[in-house]
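**Q** this is a predicted model, with the sequence first.
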Amino acid sequence: MSGLNKDMDKITTESIEINLLVEALNQKYGYDFSHYAEASFKRRIHHFLSKTGGGRVSELIPRLLYDIDFFKSFILTLSIPVTEMFRDPFVYRMLREKVVPYLKTYPFIKIWHAGCASGEEVYSLAILLKEEGLYDRAIIYATDFNDDTLERAKNGIYPIDRIKEYTVNYQRAGGRKSLSTFYYSKYDSVIMNKELKKNIVFASHNLAADSAFGEMHLILCRNVMIYFDKVLQNRVLRLFHESLAARGFLCLGTKESLKFSAIEHHFESIGDAEKIYQRE
Amino acid sequence: MGDTRIIEAVVIGASAGGFGALPQVLAALPANFPAPVIIAQHMHPHSHDGFLTDTLDSKCLLQVKEAEEKEVLKAGIIYLAPANYHLLIEKDKTLSLSTEDKVNYSRPSIDVLFESAAEVFGRRMVGVILTGGNSDGAAGLKKVKAVGGLTLVQDPEGAEAATMPRAAIENCHVDRVLPLADLGKALVENVDCG
């Protein structure tokens, strides 16, 4: 076999190894990654391999099956907790201007933040609701499939060196106070105020397997579905459609959309760039 | 140039100086260019996405657009990675985006794009590294070379920033190092336009 063919053959063989790994995780732990977009999934696996001493993908399988801590750290590597407070400030501005007035008409507001990762955007939303006088009659369900990331979200402790960037985002998002009103600093961290956490329920939920949450007025799921294939994307979107109250809002990542999805015709676009939709 | 083969994709990586270099390369591609062109150009994370797309679109015969999530690649279209996202190519020749950590301090990262492209297209692709001030793309181009893809690099002499093309050349035995003005022509010659 020539050198070139060997390289291509390795790529094909590795796809087999990944399929076996996915099957093993599904059978053993009930985590189904079979509908994850493959290219980035593969990158994450390689990242984990290089962190844990290298070798072949298939060599991970016995360790994942027999060592629960190894499995947990694998899951942590897979989930992509890259987020920031008030990520895409213009989206938060539109939530404030177009969605909040609508929410104000309800006596009680239910919000689902699906795939909340380490929680930066959940606190951003909580701050927005506080400033708009809606927080006390709202409940935010913040969910993620990864218990360790969820724990980080619950703690609400973030590195201080990012706060400058977050403050700029907050101001661009139409923030009315100073972001520092909502946290206190300790050593090289900032800790989000307790009062922001009061109405947030952190819960484990797997979009690939679990069922709908009822009667939400707003669902946010940003930059989560880009890691899924079309099949899983459509499953998740149907789940959101089922979980929304009539005229409820859906907010996706700015590069995600309902275009060509199975539920597109049930929604009206409120902001084309912001990717905010309203259910019929 | 003898080595005409079926090329299914052209991937291009550029950093500092790319805004000047890209139009020169892309404007040379004819309207019947038979492959998609996928580009990772380093940008400030908050830069306005439309600017580079619009500029290039006005200067090229081919349509230039921002890459969209799960979009199917089409011949004769130039796709640009959006600012602050990695761009990857899936086995079914669709595009996907990712907000994973920066690679080589960059998002989009050229390595990420090139490595995923190499896995999908193998020898049926061309990888091009243009001007830039860091070494992103060197590992990606090496992988393109390893699977038999054609590797082209802008001549560091005369590049607005020489570090990136130089790093690519040092990291693997690239097929050709060419001045900017000749890169577009090389693409046309190596990709059969029928």
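**A** Cool, got the structure.

**Q** so which residues of chain B form strands?
**A** Using DSSP state E, the strands of chain B run over B:9-14, B:37-41, B:63-66, B:77-80, B:86-89, B:95-98, B:125-129, B:150-154, B:176-178.

**Q** residue numbers of chain B in contact with chain A?
**A** Taking CB under 8 Å from any CB of the partner chain as the contact definition, chain B meets chain A at B:68-70, B:82, B:85-86, B:88-91, B:96-101, B:112, B:115-116, B:119, B:122-123, B:146-148. To be clear about C-beta, it is placed using only N, CA and C from the backbone, and glycine gets the same treatment.

**Q** what about these, which are in helices?
**A** B:V112, B:E115, B:S116, B:E119, B:A146 (DSSP state H).

**Q** hey, which helix or strand in chain B has the poorest pLDDT?
**A** helix B:50-59 (a mean of 91; mean pLDDT, DSSP states H and E).

**Q** just how off-centre is that helix within its chain?
**A** 16 Å (CA atoms, centre = their mean, to the nearest Å).

**Q** before we move on, what about stretch A:120-134?
**A** 17 Å.

**Q** how about that stretch and chain B, touching?
**A** No: Stretch A:120-134 stays clear of chain B (CB under 8 Å from any CB), getting no nearer than 11.9 Å.

**Q** what does that stretch contact?
**A** The contact list for stretch A:120-134 (CB atoms under 8 Å, 6 or more residues apart in numbering or on different chains) reads A:83-87, A:92, A:95-96, A:100, A:103-104, A:109, A:111, A:113, A:116, A:135, A:138, A:140, A:142, A:153, A:156, A:158, A:166, A:170, A:173, A:175-177, A:179, A:182, A:192, A:196-197, A:199-200, A:220, A:222.

**Q** and it, what's buried?
**A** Within stretch A:120-134, the residues that count as buried by 16 or more other CB atoms under 10 Å in any protein chain shown are A:120-132, A:134.

**Q** okay, and which of these map to strands?
**A** Using DSSP E, none of the buried residues of stretch A:120-134 sit in strands.

**Q** can you list the strands of chain B in CSV and add mean neighbour count and distance to A:E268?
**A** As requested, the strands of chain B are exported to CSV (neighbours: other CB atoms under 10 Å in any protein chain shown; distance: least, CB to CB, whole Å):
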stretch, mean neighbour count, distance to A:E268
strand B:9-14, 28, 36
strand B:37-41, 26, 33
strand B:63-66, 16, 24
strand B:77-80, 22, 28
strand B:86-89, 28, 29
strand B:95-98, 24, 24
strand B:125-129, 29, 41
strand B:150-154, 26, 47
strand B:176-178, 16, 51
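
**Q** now those strands as JSON lines including distance to A:R44?
**A** Below are the strands of chain B laid out as JSON lines (distance: least, CB to CB, whole Å):
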{"stretch": "strand B:9-14", "distance to A:R44": "21"}
{"stretch": "strand B:37-41", "distance to A:R44": "19"}
{"stretch": "strand B:63-66", "distance to A:R44": "25"}
{"stretch": "strand B:77-80", "distance to A:R44": "23"}
{"stretch": "strand B:86-89", "distance to A:R44": "12"}
{"stretch": "strand B:95-98", "distance to A:R44": "9"}
{"stretch": "strand B:125-129", "distance to A:R44": "23"}
{"stretch": "strand B:150-154", "distance to A:R44": "27"}
{"stretch": "strand B:176-178", "distance to A:R44": "34"}
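
**Q** wait, which of those strands is closest to A:A273?
**A** strand B:63-66 (11.7 Å; CB to CB).

**Q** so in that sheet, which strands flank that closest one, and in what orientation?
**A** When pairing is defined by DSSP bridges, strand B:63-66 lines up against strand B:77-80 (parallel).

**Q** averaged pLDDT, the strand it pairs with. What do you get?
**A** Mean per-residue pLDDT for strand B:77-80: 98.

**Q** run the chain-centre distance for that strand.
**A** What separates the centre of strand B:77-80 from the centre of its chain is 10 Å, taken as CA atoms, centre = their mean.

**Q** low-confidence ranges in chain B?
**A** B:1-4, B:48-49, B:194 (pLDDT under 70).

**Q** 90 instead?
**A** Applying pLDDT under 90 to chain B picks out residues B:1-6, B:44-51, B:100-101, B:190-194.
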